[in-house]
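K.L.:
Have a look; sequence and predicted model below, questions after that.
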Amino acid sequence: MLLIKKLRLGLHLARGLLTALMLFPFLSEAGRHRRIRAWSQKLLRLCGMQLEVEQRGPLPESGVMLLCNHVSWIDIFAINAWQPVRFVAKAEIRHWPLVGWLCVQTRTIFLQRERRADARRIMHYLSECLRDDDIITVFPEGTTTDGRSLLPFHANLLQAPVSTGKPVQPLCLFYTDAASGRHTMAPAYIGEMTLIESIDMILRAPPMTVRLAVGEPQYPQDGQHRRDVALAAQKAVGDQLQGYLPEAVLPQSGSVGSREAAVGDEEGDTTQAVQV
């Protein structure tokens, strides 16, 4: 049974590659988005998942940065099943078999850590994207969790919405067992787990529900520091996570990601934005 599920998933990935290669160059943006959304919805079904969206706030029509907690590689496709967007992702994903190439075709913005970053270059590019009315999704925790906690949000990438006056919008992803409604860690992509191991765990699991809560857009105020924007979004995501799981562990009040761990902060680590 697992082998059959893997074969079906592999065929679906191959169809996605062919669609992106042969049709995307001739489709409008709206046409590409329809294909991405439908393909992502089927991917979730093949993985035994059903998406439930709780939209508590409207999606702004002119440029927004979505800030979401991060559990798994499949988060990207859960969000695209709701609304196709551009993602900011670590450069390693670009080299993943099939999945990496598909991310390239959906205009993912990759971050590299091999050399010292030009943070201004990153902010400039993200600001341009927001001014062009792109919807950009960032996972500001900087890494994945098992879904039972929220890590402090790194504020560095939030300079783009602060500089442009574009809103940020909190998202919260939560994976549950479809039968019991209880939290499941089957999708969690953590520790030293490989992508293949993660796929196996998802395909072996009972049917799941992906719950996606879309919060109210938050507009930066004049003179507001990006760390304050990060804290407000962090609180919104944390409140929603505890709504799903009351015992969820949240960051200490007032804490944001450290500069040492942040990607591209003024004194942060080595990062470069790569446009694709």
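P.N.:
Arrived safely. None of these values were measured; they are calculated from a predicted model.

K.L.:
For residue 186, which three-state class applies?
P.N.:
coil (DSSP: H, G, I helix; E, B strand; the rest coil).

K.L.:
pLDDT value on it, please?
P.N.:
pLDDT for residue 186: 98.

K.L.:
So what does the closest residue to it other than its chain neighbours look like in phi/psi?
P.N.:
In this structure, residue 186 finds its nearest non-sequential neighbour in residue 205, 3.6 Å apart by C-beta to C-beta, 6 or more residues apart in numbering. C-beta: built from backbone N, CA, C; applies to glycine. Backbone torsions of residue 205, given as degrees, to the nearest 10, read phi -70, psi 150.

K.L.:
For the host helix or strand of residue 235, which residues meet the burial criterion?
P.N.:
Assigned by DSSP states H and E, residue 235 belongs to helix 226-244. When burial is assessed from 16 or more other C-beta atoms under 10 Å, helix 226-244 yields the following buried residues: 226-241, 244.

K.L.:
next one: stretch 4-12
P.N.:
So, applying 16+ other C-beta under 10 Å, buried residues of stretch 4-12: 5, 9, 12.

K.L.:
okay if I get these as CSV plus secondary structure, distance to residue 90 and pLDDT?
P.N.:
CSV is the format used below for these (DSSP: H, G, I helix; E, B strand; the rest coil; distance: C-beta to C-beta, whole Å; pLDDT from 0 to 100):
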residue, secondary structure, distance to residue 90, pLDDT
5, helix, 27, 95
9, helix, 23, 95
12, helix, 24, 95
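
K.L.:
where along the stretch 1-150 of the chain do the helices fall?
P.N.:
With DSSP state H, counting those that start in this stretch as the criterion, the stretch 1-150 of the chain has helices at 2-22, 29-46, 75-82, 99-105, 119-131.

K.L.:
which stretch in the ones you listed is the model least sure about?
P.N.:
The bottom spot among those, by mean pLDDT, belongs to helix 99-105, with a mean of 78.

K.L.:
that older thread, just want the angle from the helix holding residue 235 to helix 119-131.
P.N.:
Inter-element angle recorded for helix 226-244 and helix 119-131: 60 degrees (by axes from the mean of the first three to the mean of the last three C-alpha atoms, to 10 degrees).

K.L.:
what's the neighbour count on residue 180?
P.N.:
Neighbourhood size, residue 180 [other C-beta atoms under 10 Å]: 9.

K.L.:
same deal with the one 10 residues further on?
P.N.:
The criterion is other C-beta under 10 Å. On that basis, residue 190 has 14 neighbouring residues.

K.L.:
list the contacts for it?
P.N.:
For residue 190, the contact set (C-beta atoms under 8 Å, 6 or more residues apart in numbering) comprises 144-146.

K.L.:
Out of the helices of the stretch 1-150 of the chain, which is closest to residue 176?
P.N.:
Between residue 176 and these, the tightest spacing by C-beta to C-beta is seen for helix 75-82, at 12.6 Å.

K.L.:
Distance from the chain centre to that closest one, please.
P.N.:
Centre-to-centre, helix 75-82 and its host chain are 8 Å apart (C-alpha atoms, centre = their mean, to the nearest Å).

K.L.:
which secondary structure elements does it contact?
P.N.:
The contact analysis (3 or more C-beta pairs under 8 Å, 6 or more residues apart in numbering; DSSP states H and E) places helix 75-82 against helix 29-46, strand 49-55, strand 64-68, strand 86-90, strand 168-177, strand 208-214.
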